[in-house]
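Enquirer: Got a sequence here, can you build the structure:
(one chain, ligands or ions: 2)
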Amino acid sequence: MKTSVIGYPRVGIFRELKFSTEKYFKNIITKEELRSTAFSLKETHWKVQKNNGIDFITSNDFSFYDNVLDTAVLLNVVPSRYKQLKLDALDEYFVMARGYQGEKGDVKALSMKKWFNTNYHYIVPEIDDDTEISLAGTKPFDEYMEAKNLGIETKPTIIGAFTFLIVAKFTGGKTVEDFINDIAQAYSDILRKFSEMGTKWVQFEEPALVMDLSEEDLILIKKIYSSILSAKGSAKVLLQTYFGDIRDCYSEVVAMPFDGIGLDFVEGKKTLELVKYFGFPEDKTLFAGIVNGKNIWRNNYFNTVNLIGELGRYCRNIVLNTSCSLLHVPYTLKNESSLSAEYKKHLAFAEEKLKELSELKVILSVNNPLSTNEYIENQKLFNGARYRQNENVRKAISALSQEDFIRHPNFEEREKIQKAELNLPPLPTTTIGSFPQTAEVKANRSDYKKGNISFEEYTAFNRKKISECIALQEKIGFDVLVHGEFERNDMVEYFAENLDGFLFTEKGWVQSYGTRCVKPPIIWGDISRSKPITVDYSVYAQSLTSKYVKGMLTGPVTILNWSFPREDISLKDCAFQIALAIRDEVLDLEASGIKIIQIDEAALREKLPLRKSDWHSEYLDWAIPAFRLVHSGVKPETQIHTHMCYSEFADIIKDIDNMDADVITFEAARSDLSIVETLKECEFKTEVGPGVYDIHSPRIPSVSEIKEALLKMLEKIPKEKLWVNPDCGLKTRGNEEIIPSLENLVAAARDIRKGLSV
Ligand code: GLN
Ligand code: ZN
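Expert: Ligands and ions are numbered 1, 2, ... in the order given. Here you go, the predicted structure:
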């Protein structure tokens with residue numbers, strides 16, 4: 001039995017790619033130096049897979065920024081505004097991802113969206129009416145050759161044509177239909193070229209097949225692939241799906257002339273059932289996704305051996321595979337020096353997952369798998385209790401009643417009370433919370449962590465930053481201020497560190513977008529709060545100003561979604577545990593005189609199940625109540641804000657309103673203002689601050705463009721309900737970018753305010 005990996009993380013164990021790319025952006029290193037870092041990372045990753053005995057190693061899973069953007073460039077899907085800048089290929093590529101402002105012009109970046117149900121963000125390809133799709137690049141071929149020259153035969157991977165069309169945005173009058181022939185031709189050309197190069201397998205990634213598919217989708221899939229596969233040369237084609245099962249197209253897909261089909265047995269609830277019911281063609285290879293590419297727990301060989309045994313009755317050729325790309329887990333446990341072996345033995349990051357695949361290969365190649373050392377050792381991990389329990393938490397959860405999820409009085413009455421109490425101007429201005437995490441801010445935290453400075457020194461520095469931040473916001477003229485979050489490395493890790501029940505890694509970085517990586521905590525037990533977390537800094541910030549300063553918290557769904565969850569209790573129970581802990585913090589803030597409290601649910605939309613039929617039963621039915629539980633205990637005059645990244649929530653708009661916050665801020669700048677129309681249509685009650693500019697790009701928005709956005713919003717949103725803010729926290733930006741941007745934002749709000757009859 002052979003082993004395969006869908007894709008490997010690419011940023012480097014020590015985030016080498018991130019640091020090199022950032023240096024390149026700042027002109028500190030040359031393009032050649034950046035390329036050489038990239039090459040050595042690719043080489044390392046291929047070799048580590050080779051050394052672990054992986055049979056199907058992937059190439060072209062590397063990316064300088066994002067592999068959907070790579071595919072767009074490969075297919076010549078480059079909007080003319082970028083081509084007009086006449087930059088060289090790599091710079092044009094980065095400009096599509098980040099925008100450009102300089103002597104050659106001023107263009108915005110392409111939008112960014114979450115990749116299915118993950119916290120990885122892809123760049124949204126834009127297909128304009130004048131787009132001509134054709135094979136226009138060489139990256140997959142170059143990378144295949146790079147590996148080959150190292151003596152490693154790889155299977156190059158490319159985002160499949162169907163998924164590409166599904167995730168792309170059509171900006172003009174043309175639709176998918178208009179591009180089918182061209183895109184099929186481009187993919188046929190890719191296959192032909194690989195065949196000519198002697199490539200043995202090519203992988204097309206088609207996660208979009210796990211979603212709800214319509215009749216038209218099925219027709220499209222058949223059309224595209226029958227055309228692409230008719231041009232197939234000697235290279236075998238693997239159709240790789242992940243993030244769920246392909247129940248809507250299984251029988252169609254297995255009937256097509258693919259050589260291999262990759263199915264996800266971890267997230268795909270119905271995958272096994274589908275194989276059993278429809279069977280699996282003898283002439284094809286099943287790439288069975290059994291090692292979880294999204295979570296970090298050791299594989300339970302008992303379950304895997306049973307599953308493969310069962311599959312063996314239906315499939316002749318099986319390859320052991322990861323369930324999705326390993327991009328979504330950290331690199332390795334090797335450098336985790338402060339985690340004890342007791343914990344580590346239960347964990348598997350990317351490199352350890354390679355070892356699991358190779359151990360499973362050994363186990364499954366013998367007659368009596370259960371007698372192998374690998375199997376016996378593995379099973380020891382699963383005997384006995386593993387997670388930390390807390391009886392008080394369990395009791396509190398079981399004592400919850402309906403009333404705990406309802407805030408009184410209702411929204412309309414609270415809105416009146418808060419307008420009178422807070423007395424804010426129309427179109428109040430605010431920010432999302434964090435201010436730039438400058439080198440000195442990071443140094444302060446790391447010096448404290450390393451023990452180089454005392455707690456007093458550490459706090460004194462943070463207080464100084466808070467007072468500067470308050471002064472800056474007052475000077476710019478904001479109405480509702482924030483303390484700036486200088487004590488926080490990351491909005492989830494910070495809370496996890498201050499709650500009980502979490503474990504942390506030192507180097508467990510996972511790519512979130514481009515050069516940004518996050519270090520998700522690991523949920524190891526029942527979650528509780530032993531002492532106030534944010535109260536001191538919030539109270540201090542509030543003491544410096546007569547304006548309101550928002551208390552700033554992260555919500556339970558986001559803490560859960562951005563952690564690696566335990567697998568022994570339900571996500572619902574886990575979310576409620578976190579909710580009770582954050583609820584205590586909300587009440588402490590309120591008791592300390594904080595009038596406005598923001599509870600960020602940046603990641604709420606992210607884990608919405610990919611299939612509509614699961615939305616409520618598997619997710620919203622507990623996620624929305626978890627949020628309500630956090631704030632239902634506050635007084636009517638305390639204003640609760642929430643923030644969500646990305647405005648892709650038109651389809652769950654009622655549920656968002658049902659979170660029953662008083663104000664919600666969200667991203668809107670980067671993905672046009674269509675959400676605003678939806679707010680109007682559904683008579684959204686919550687006050688809203690659709691972000692007026694994109695903080696993910698270094699570009700500075702002008703006063704007139706912010707005014708224009710606000711005027712558009714005012715066509716649909718009553719002026720009493722509109723807030724003015726950037727679209728996300730400012731921590732990833734520099735002061736030189738945010739100060740002029742925020743000044744323009746306040747100037748724009750003031751200008752518009754003048755024209756309003758109030
Ligand atoms: N309050 C957080 C911040 O400003 C929110 C971040 C986020 O939405 N991702 O950084
Ligand atoms: Zn955000």
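
Enquirer: distance of residue 138 from ligand 2?
Expert: Going from residue 138 to ligand 2 by C-beta to the ion, to the nearest Å gives 36 Å. Every residue, glycine included, has its C-beta placed from N, CA and C.

Enquirer: Can you tell me the SS state at residue 204?
Expert: The three-state label for residue 204, taken from DSSP: H, G, I helix; E, B strand; the rest coil, comes out as strand.

Enquirer: pLDDT at the closest residue to it other than its chain neighbours, what is it?
Expert: When the adjacent residues along the chain are set aside, residue 204 lies closest to residue 160, with 3.8 Å between them (C-beta to C-beta, 6 or more residues apart in numbering). As summarised for this prediction, residue 160 has a pLDDT of 98.

Enquirer: in a helix, that's where residue 665 is, yeah?
Expert: No - with the criterion set as three-state DSSP, the secondary structure at residue 665 is strand rather than a helix.

Enquirer: related to what we said a few turns ago, for the residue nearest to residue 204, give me the backbone phi and psi.
Expert: In terms of degrees, to the nearest 10, the main-chain angles of residue 160 are phi -70, psi 160.

Enquirer: ditto for residue 491
Expert: Given degrees, to the nearest 10, the pair of backbone angles that residue 491 has is phi -60, psi -20.

Enquirer: That one touches residue 555, doesn't it?
Expert: No - applying C-beta atoms under 8 Å, one finds residue 491 not in contact with residue 555, separated by 9.7 Å.

Enquirer: joint contacts of the two?
Expert: By the contact definition C-beta atoms under 8 Å, 6 or more residues apart in numbering, residue 491 and residue 555 are jointly contacted by residue 600.

Enquirer: mean confidence for the helix or strand residue 747 falls within?
Expert: Assessed by DSSP states H and E, residue 747 sits inside helix 735-755. Model confidence over helix 735-755, given as mean pLDDT, is 97.

Enquirer: circling back: would you enumerate the residues in contact with the residue nearest to residue 204?
Expert: Taking C-beta under 8 Å, 6+ apart, one finds 204-206, 208, 239-240 in contact with residue 160.

Enquirer: Closest one to residue 497 out of those, please.
Expert: When the contacts of residue 160 are compared for distance to residue 497 (C-beta to C-beta), residue 205 comes out closest, at 35.1 Å.

Enquirer: Bridged to that closest one, which residues?
Expert: With DSSP bridges as the criterion, residue 205 is bridged to residue 159, residue 240.

Enquirer: which residues does it contact?
Expert: With contacts taken as C-beta under 8 Å, 6+ apart, residue 205 has the following neighbours: 6-7, 157-160, 163, 240, 242.

Enquirer: Just want the most central residue of the chain.
Expert: Averaging the C-alpha coordinates of the chain gives a centre point, and the residue nearest to it by C-alpha atoms, centre = their mean is residue 119 (1.3 Å).

Enquirer: That residue - nearest residue in space that isn't next to it in sequence?
Expert: Distances taken as C-beta to C-beta, 6+ apart put residue 512 closest to residue 119, at 5.7 Å, once the chain neighbours are dropped.

Enquirer: Can you classify that neighbour as helix, strand or coil?
Expert: Put simply, residue 512 is strand when judged by three-state DSSP.

Enquirer: Can you list the residue ranges for helices in the stretch 401-550 of the chain?
Expert: Here the stretch 401-550 of the chain has its helices, by DSSP state H, counting those that start in this stretch, at 411-422, 439-449, 455-476, 493-498, 535-543.

Enquirer: ok, residue 491 and residue 555, which is more surrounded?
Expert: Using other C-beta atoms under 10 Å as the criterion, residue 491 and residue 555 rank with residue 555 on top: 32 against 25.

Enquirer: Go ahead and confirm residue 552 touches residue 594.
Expert: No - using C-beta under 8 Å as the test, residue 552 is too far from residue 594 to be in contact (9.7 Å).

Enquirer: ok, now which ones touch the residue in the stretch 351-500 of the chain that ligand 2 sits nearest to?
Expert: Across the stretch 351-500 of the chain, the shortest distance to ligand 2 (C-beta to the ion) belongs to residue 432, at 5.8 Å. Taking C-beta under 8 Å, 6+ apart as the definition of contact, the neighbours of residue 432 are 482, 600, 643, 665, 691, 725-730.

Enquirer: most surrounded residue in the contacts of residue 160?
Expert: Note: the member of those with the most neighbours is residue 240, at 29 neighbours, neighbours being other C-beta under 10 Å.

Enquirer: ok, that residue touching residue 4?
Expert: No - shown here, residue 240 and residue 4 do not form a contact pair, counting by C-beta under 8 Å, at 9.2 Å.

Enquirer: intersection of neighbour lists for the two?
Expert: Contact criterion C-beta under 8 Å, 6+ apart; residues shared by residue 240 and residue 4: residue 287.

Enquirer: Stretch 2-13 spans what distance, first to last residue?
Expert: 26 Å (C-alpha to C-alpha, to the nearest Å).

Enquirer: what's the offset of it from the middle of its chain?
Expert: Distance of stretch 2-13 from its chain centroid, counting by C-alpha atoms, centre = their mean, to the nearest Å, is 18 Å.

Enquirer: got it, and stretch 618-631?
Expert: If you compare the mean C-alpha spot of stretch 618-631 with that of the full chain, they lie 20 Å apart, counting by C-alpha atoms, centre = their mean.

Enquirer: hey, where'd the strands end up in the stretch 51-200 of the chain?
Expert: Across the stretch 51-200 of the chain, reading from the start of the chain, the strands by DSSP state E, counting those that start in this stretch fall at 57-59, 100-102, 105-107, 112-114, 121-123, 126-127, 154-159, 169-170.

Enquirer: No further queries at this time; thank you.
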